[in-house]
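Undergrad: Need the 3D shape of this:
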Amino acid sequence: MGLDNYIEFAMKNLLRNPIIDILRAINISKMLVQSNFIKRSVGYSPFQILLHFVYMLVMNKRQSVFVRQSTNAYCKDTYYRFTKDSRYNWRKLLLLSCVALIKKIEPLQKSSEHRLLIIDDTVEPKRGKLIEGGCRSIYSNKEKKCVSGVNIVSLNYADAHSTFQLDFSLKTNDSRRLQTSDFTTDVHHKSNAHKRRVESTSGKNALATQMLSRALDYGIKADYLLVDSWYAKPSFIKESIELGMPVIARVPNNALIWNFMGKHKTIDSIYNSLKDAKRTYSGKHGKISFTYFDAVVEHKTVGKCKLVFLHTGKELLVFISTDATLSGKQILDIYKKRWNIEQGYKDLRAYFGFKAEENRIYEALIGRITLSMFTYNILSYINRISYKPKTLGELFRDLECEL
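TA: Now for the predicted structure:
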């Protein structure tokens, strides 16, 4: 029995797990063709190689270990060629598959639950001097210092029960090890690879706006966009509003960035003028007790918005909502869900081979990050439709045992 036939037989009769059923339900073969994953005159089907990668990640095997230990694995060069092909549109594949999965869970969503888009970035250490897209010095909040690595800006979709990885971009800074011109001349200027390479020099806010616009164009529906203080700039919030997406964000207490209309213009002056006049509310998050109050203000760029001033006793945190009809408590409760994207990064590192790409080529880096996020979305969907939902780690271990 040939390898392809054996895989088909195993998928139908031996591997009693929901992964292949979900891929068929969302018509992954059609999505691969739409994303230019087309089998050439020789070689294996992109669907079969994609399936190998999904199983490889679920079984928590590095690519080199999978090739060495599996009798049914393809040659290692097959996987390398697949991830670094400049013709493949990895972004479109991730978006199409994620949109299809989200549409399938829409009947499970309650009208009282908020659907959220979350934008954030993470730094993944990579020390290789010849890694395309790598930088010598990027500040990592996780490490609390500057490290060599890649900066990944990503867009997530979250509701009350699930999180999905929608899109991402790699961001380089002035410390990049290779200039963009050094690794763009060897690919065609109209190829998908060239577009991904060139966009790496854009600013984080520009990348975030582009990702938001793409997601909405693909049919994603959400109630609010959540961002942290890095992205909470008036120009970015205005662009999001123009795209039809209300924003809830933590605001940096910086008079150069945020200057409001009226008698009291800065965040500090607004807080000091209202702290004794406004009714305050109390709350607790873990071991931290806090008080807060809200106020409606006017901004020249953003327009009418609501600020929530939260004081922990040591620190003043300020949040903004472009939807002024929300109460202060609602704004805080919604913003808490921004943690979903941080938890998503942790799960990607722990279970899905995030940052484990064994190749210095830019397209291979994009391909492996996409495959990690693609597999994450599949398991997140499986967990959502399960009769007994588990943590993603528990589900991961169960599927690993099944495979």
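
Undergrad: Can you give me every residue that contacts Phe47?
TA: Neighbouring residues of Phe47 by Cβ atoms under 8 Å, 6 or more residues apart in numbering: Ile28, Ser29, Leu32, Phe37. C-beta here means a position set from N, CA and C on the backbone, and glycine is covered the same way.

Undergrad: Kindly recompute the last result at 10 Å.
TA: Ile7, Leu23, Ile28, Ser29, Met31, Leu32, Val33, Phe37, Lys39 (Cβ atoms under 10 Å, 6 or more residues apart in numbering).

Undergrad: which one of those residues is nearest Tyr292?
TA: Met31 (44.8 Å; Cβ to Cβ).

Undergrad: any idea how far Gly353 is from the closest one?
TA: 21 Å (Cβ to Cβ, to the nearest Å).

Undergrad: okay, the two: which has more neighbours?
TA: Set Met31 next to Gly353 and count neighbours by other Cβ atoms under 10 Å: Gly353 wins out with 23 against 20.

Undergrad: Which secondary structure state does the more buried one sit in?
TA: coil (DSSP: H, G, I helix; E, B strand; the rest coil).

Undergrad: any idea how far it lies from Arg24?
TA: Distance of Gly353 to Arg24, given as Cβ to Cβ: 24 Å.

Undergrad: Same check on Leu379?
TA: 16 Å.

Undergrad: who has more neighbours, these two?
TA: Leu379 (22 against 11).

Undergrad: my guess is that one contacts Ser372, does it?
TA: No - counting by Cβ atoms under 10 Å, Leu379 does not reach Ser372; the two are 11.0 Å apart.

Undergrad: Identify the contacts common to these two.
TA: Residues within reach of Leu379 and of Ser372 at once, by Cβ under 10 Å, 6+ apart, are Leu57, Asp347, Tyr351, Phe352.

Undergrad: where do the strands sit along the stretch 301-403 of the chain?
TA: For the stretch 301-403 of the chain, the strands defined by DSSP state E, counting those that start in this stretch cover 303-311, 316-321.

Undergrad: And the lengthiest helix in the chain, how far out from the chain middle?
TA: The helix that spans the most residues within the chain, counting by DSSP state H, is helix 362-385. Centre-to-centre, helix 362-385 and its host chain are 10 Å apart (Cα atoms, centre = their mean, to the nearest Å).

Undergrad: Just the CA coordinates for it, please, in PDB.
TA: Taking Å, rounded to 0.1, in the frame of the first residue of the first chain, the C-alpha atoms of helix 362-385 are listed here in PDB:
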ATOM      1  CA  TYR A 362      11.900  34.200   6.400                       C
ATOM      2  CA  GLU A 363       9.100  32.300   4.600                       C
ATOM      3  CA  ALA A 364       9.900  29.200   6.700                       C
ATOM      4  CA  LEU A 365       9.500  31.300   9.800                       C
ATOM      5  CA  ILE A 366       6.200  32.600   8.600                       C
ATOM      6  CA  GLY A 367       5.100  29.100   7.600                       C
ATOM      7  CA  ARG A 368       5.900  27.500  10.900                       C
ATOM      8  CA  ILE A 369       4.200  30.200  13.000                       C
ATOM      9  CA  THR A 370       1.100  29.900  10.800                       C
ATOM     10  CA  LEU A 371       1.100  26.100  11.200                       C
ATOM     11  CA  SER A 372       1.300  26.500  15.000                       C
ATOM     12  CA  MET A 373      -1.600  29.000  15.000                       C
ATOM     13  CA  PHE A 374      -3.600  26.800  12.600                       C
ATOM     14  CA  THR A 375      -3.200  23.800  14.900                       C
ATOM     15  CA  TYR A 376      -4.100  25.900  17.900                       C
ATOM     16  CA  ASN A 377      -7.300  27.000  16.200                       C
ATOM     17  CA  ILE A 378      -8.300  23.400  15.400                       C
ATOM     18  CA  LEU A 379      -7.800  22.300  19.000                       C
ATOM     19  CA  SER A 380      -9.600  25.400  20.300                       C
ATOM     20  CA  TYR A 381     -12.600  24.500  18.100                       C
ATOM     21  CA  ILE A 382     -12.500  20.900  19.300                       C
ATOM     22  CA  ASN A 383     -12.600  22.000  22.900                       C
ATOM     23  CA  ARG A 384     -15.500  24.400  22.200                       C
ATOM     24  CA  ILE A 385     -17.800  21.800  20.700                       C
END
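
Undergrad: what's the average pLDDT for stretch 296-310?
TA: Averaging pLDDT along stretch 296-310 yields 93.

Undergrad: how about the CA coordinates for that stretch, as PDB?
TA: C-alpha atoms of stretch 296-310 as PDB (Å, rounded to 0.1, in the frame of the first residue of the first chain):
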ATOM      1  CA  VAL A 296     -17.300  61.100  29.800                       C
ATOM      2  CA  VAL A 297     -14.900  63.400  28.100                       C
ATOM      3  CA  GLU A 298     -14.300  64.900  24.600                       C
ATOM      4  CA  HIS A 299     -11.200  64.400  22.500                       C
ATOM      5  CA  LYS A 300     -10.400  66.300  19.300                       C
ATOM      6  CA  THR A 301      -9.400  63.200  17.400                       C
ATOM      7  CA  VAL A 302     -11.300  60.400  19.100                       C
ATOM      8  CA  GLY A 303     -14.500  62.400  19.800                       C
ATOM      9  CA  LYS A 304     -16.800  61.600  22.700                       C
ATOM     10  CA  CYS A 305     -15.400  58.700  24.900                       C
ATOM     11  CA  LYS A 306     -15.500  57.400  28.500                       C
ATOM     12  CA  LEU A 307     -12.500  57.200  30.800                       C
ATOM     13  CA  VAL A 308     -12.300  54.900  33.700                       C
ATOM     14  CA  PHE A 309      -9.800  55.800  36.500                       C
ATOM     15  CA  LEU A 310      -8.700  52.800  38.500                       C
END
